[in-house]
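Trainee: sequence first, then the predicted structure, then my questions.
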Amino acid sequence: MKARCESVGPLVGFVLAVWLAPAASMAELNVDEAELENFVIQDCGSCHGLTMRGGLGPPLRPEDLEQLPAEAIAAIIREGVDGTAMPPWKALLSDDEMLWIGRQLKSGALVADD
Amino acid sequence: MKRLLLPLAVASTLLAGCQSMQAPAPDQLRGTGDLGLIIERATGSVLVVDHSEYEILDRVEGLGDLSHASVVYSRDARYGYVFGRDGGLTKVDLLTGTIDERVIQSGNSIGGAISQDGEYVAVSNYEPGGVNVFDSDTLETVAEIPATYVNEEGKQDQSKTVGLVDAPGNRFVFSLFEAGEIWTVDMLTTPPDVSRHDAGEEPYDALITPDGRYYIAGLFGEDGLSMMDLWNPGQGVQTILPDYGKGEQRLPVYKMPHLEGWAIADGNAFVPAVGRHEVLVADMADWSMVERIPVQGQPVFVMASPDNRQIWVSFAHPKNNVVQVIDSQTREIIRTLEPGKSVLHMEFTPRGEEVWVSSRDSDRITVYSTRTLEEVARLPARKPSGIFFTNRAHALGL
């Protein structure tokens, strides 16, 4: 967990920049929601658990993410976490897709009723 | 098997007054040698399948979070022990298609093993980190082995455990992810005697060779693999294939490779490279690198057919809609197949004439002939992942 916190640090400035740009966070996201939902549950779920209770990766339920805005989660997805098994996903996911995932994880919409 | 119970019920009604248990009629008996379980990871269910008939016999539900679930079998090959992500350990009766026993034994787990004598089932846990051992009959706890170590801050911690296998001498062997150690557990002593050995950085999975001699852990934290010769445990752990990609840019690893079913053919071992589009070939005599076979994506499973003639390779996201087949002698790719979206696992029939492949996002199993490399059957399944046939009951390390 130590490595995780350290490597999130450098992202903070970047995260704030994104966060403070209202247009970026308010705009409609151009994503295929059904496909992304399947991706989050199945592929992210390989390490974080199908119900996001954690595995090789940490748990990602709303209560675990209270300290992180959706934009920060998107930044972690984008760049990965050095020194851990979390890879950078920017080559495979668009900014809109990563932000959408951040928001869904925050809201708990993908892990309801279990 | 449920449909077989109906005629039985009718028969016993007809025989009202007869209080003794009726044995099934001879034509209702069956063996389990051609049966298997398929994990349906998102619905917490498993399918009981017959690989002679390409038939789904039953769906057993209520097994919890089955992401990354795996199965080992009782030595009579009647019961499958299903290890779930959520710490659930479920003993499934393949003949009746029912749950025989089920316990939630931890918060988060990653697989397990059954002992050489079939008496013990061990589960590898992430949270709390360690290994729990159960009576294979009742699933009552026999031993709890916390994977304690001293972390970077000098404090006592518990490590996630991975790569748990059974070994000859009724031992279990597993690796500690954060601690970078390999432990062996002797189930012939009470309490079980534990030996600790230093290994490489962040072992993420491991295998034991089919003869039970070498335990080999893949490393995430560094290039290379940690190998322990179980015939000579005093020699400790040695690093093999070190620096196989030194100085080269590593790609992001979108899915950890699996080492189970690791291919050993013609004196060579075929290993998935971490973060590279390569299958590594090592000479087993001295563990030197023979060749690096370029493949179309990051390999996840690199599995040899039972005759060791073919190596079947599955891949990580996003190139996971194909499977490549390598000739073990020429080390060339002889076919690229498209079994469906998100291929997760492959299982050969016991003598290897066919292989079953699961495609999670196509909700199906595709069966190929290993001789023609053509599709021979398809079965529907809900988000299928692991496929496990009962012949694993009689193989070391599976």
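Mentor: Looks like it came in fine. Treat the numbers as computed from the prediction; the structure is a model and nothing was measured. Numbering: from 1, shown residues only, chains lettered A, B, ... in the order given.

Trainee: tell me where the chain has helices.
Mentor: Unless you meant another one, I'm taking chain A. For chain A, applying DSSP state H gives helices covering A:2-8, A:11-19, A:22-26, A:33-39, A:45-48, A:70-79, A:95-107.

Trainee: was after chain B, sorry
Mentor: Under DSSP H, chain B gives helices at B:2-14.

Trainee: now do residue B:67 against residue B:362, distance only.
Mentor: In this structure, residue B:67 and residue B:362 are 18 Å apart, going by C-beta to C-beta, to the nearest Å. Placement of C-beta: from N, CA and C, glycine included.

Trainee: looking at those two, which is more packed in?
Mentor: Taking other C-beta atoms under 10 Å in any protein chain shown, residue B:67 and residue B:362 do not tie; residue B:67 has more neighbours (25 against 20).

Trainee: could you measure from residue A:66 over to chain B?
Mentor: Relative to chain B, residue A:66 is positioned 20 Å away (C-beta to the nearest C-beta, to the nearest Å).

Trainee: what's the distance between that residue and residue A:108?
Mentor: From residue A:66 across to residue A:108, the span is 11 Å (C-beta to C-beta).

Trainee: pick out whichever of these two has more residues nearby.
Mentor: It is residue A:108, of residue A:66 and residue A:108, that has more neighbours when counted by other C-beta under 10 Å, with 14 against 7.

Trainee: got the phi and psi for the residue in chain A positioned nearest to chain B?
Mentor: Going by C-beta to the nearest C-beta, chain B is nearest to residue A:87 of chain A, at 3.3 Å. With angles defined as degrees, to the nearest 10, residue A:87 sits at phi -90, psi 160.

Trainee: is it true that it touches residue A:80?
Mentor: Yes. With contacts counted by C-beta atoms under 8 Å, residue A:87 reaches residue A:80, the gap being 4.8 Å.

Trainee: and those two? Which one has more around it.
Mentor: residue A:87 (20 against 17).

Trainee: report the contact partners of that one.
Mentor: With contact set as C-beta atoms under 8 Å, 6 or more residues apart in numbering or on different chains, residue A:87 has these partners: A:80, B:252-254.

Trainee: contact partners for residue A:41?
Mentor: With C-beta under 8 Å, 6+ apart, residue A:41 has these contacts: A:50, A:110, B:42.

Trainee: one more: residue B:117?
Mentor: Contacts of residue B:117 by C-beta under 8 Å, 6+ apart are B:75, B:170, B:187.

Trainee: same question for residue B:238.
Mentor: By C-beta under 8 Å, 6+ apart, the neighbours of residue B:238 are B:226-229.

Trainee: any stretches of the chain with poor pLDDT?
Mentor: No chain was given, so I picked chain A. Under the criterion pLDDT under 70, the flagged ranges of chain A are A:1-27, A:112-114.

Trainee: ah, I was thinking of chain B
Mentor: B:1-24, B:244-249, B:261.

Trainee: show me what from it comes close to chain A.
Mentor: B:41-42, B:65-68, B:85-86, B:107-108, B:110, B:126-127, B:152-153, B:160, B:177, B:204, B:220, B:252-256, B:317-318, B:342, B:360-361, B:383 (C-beta under 8 Å from any C-beta of the partner chain).

Trainee: for ChimeraX, what selects the buried ones among those?
Mentor: In ChimeraX syntax, the buried subset of these is picked out as below (16 or more other C-beta atoms under 10 Å in any protein chain shown):
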select /B:41,42,65,66,67,68,85,86,108,110,126,127,160,177,204,220,253,254,255,256,317,342,360,361,383
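
Trainee: and the residues of chain B next to chain A, which of them are in strands?
Mentor: Per DSSP state E, strands hold the following members of the residues of chain B next to chain A: B:108, B:110, B:126-127, B:204.

Trainee: which one of those residues is nearest residue B:391?
Mentor: residue B:110 (23.2 Å; C-beta to C-beta).

Trainee: ok now do the closest residue to that closest one other than its chain neighbours, which residues does it touch?
Mentor: Nearest residue to residue B:110 in three dimensions, chain neighbours excluded: residue B:124, at 5.1 Å (C-beta to C-beta, 6 or more residues apart in numbering or on different chains). Residues in contact with residue B:124 (C-beta under 8 Å, 6+ apart) are B:83, B:109-113, B:131, B:161-164, B:174.

Trainee: over to residue A:108?
Mentor: Taking C-beta under 8 Å, 6+ apart as the test, what residue A:108 contacts is A:61-62.

Trainee: next one: it from residue A:34, what distance?
Mentor: Counting by C-beta to C-beta, the gap from residue A:108 to residue A:34 is 18 Å.

Trainee: kindly report the same for residue B:164.
Mentor: Distance from residue B:164 to residue A:34, by C-beta to C-beta: 36 Å.

Trainee: quick one, which of the two is more surrounded?
Mentor: Neighbour count, other C-beta under 10 Å: between residue B:164 and residue A:34, residue B:164 has more, with 25 against 8.

Trainee: hmm, the more buried one is touching residue B:176, no?
Mentor: No. If you go by C-beta under 8 Å, residue B:164 and residue B:176 don't touch, sitting 10.9 Å apart.

Trainee: residue B:110 versus the residue of the stretch 151-300 of chain B found nearest chain A, what's the distance?
Mentor: Residue of the stretch 151-300 of chain B nearest chain A, by C-beta to the nearest C-beta: residue B:252 (3.3 Å). Residue B:252 sits 22 Å away from residue B:110, going by C-beta to C-beta.

Trainee: adding neighbour count, write the contacts of residue B:117 out as TSV.
Mentor: Listed next are the contacts of residue B:117 as TSV, based on neighbours: other C-beta atoms under 10 Å in any protein chain shown:
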residue	neighbour count
B:75	15
B:170	18
B:187	23
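
Trainee: can you redo these as CSV with distance to residue A:103?
Mentor: Formatted as CSV, these follow (distance: C-beta to C-beta, whole Å):
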residue, distance to residue A:103
B:75, 50
B:170, 51
B:187, 49
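
Trainee: bridging residues for the spatially closest residue to residue B:278 that is not a sequence neighbour?
Mentor: Leaving aside its sequence neighbours, residue B:278 sits nearest to residue B:292 (C-beta to C-beta, 6+ apart; 4.6 Å). With DSSP bridges as the criterion, residue B:292 is bridged to residue B:280.

Trainee: and what of the one 10 residues further on?
Mentor: Taking DSSP bridges, one finds residue B:313 as the beta-bridge partners of residue B:302.

Trainee: OK, contacts around it?
Mentor: B:257, B:261-263, B:270-272, B:279, B:311-313 are the contacts of residue B:302 under C-beta under 8 Å, 6+ apart.
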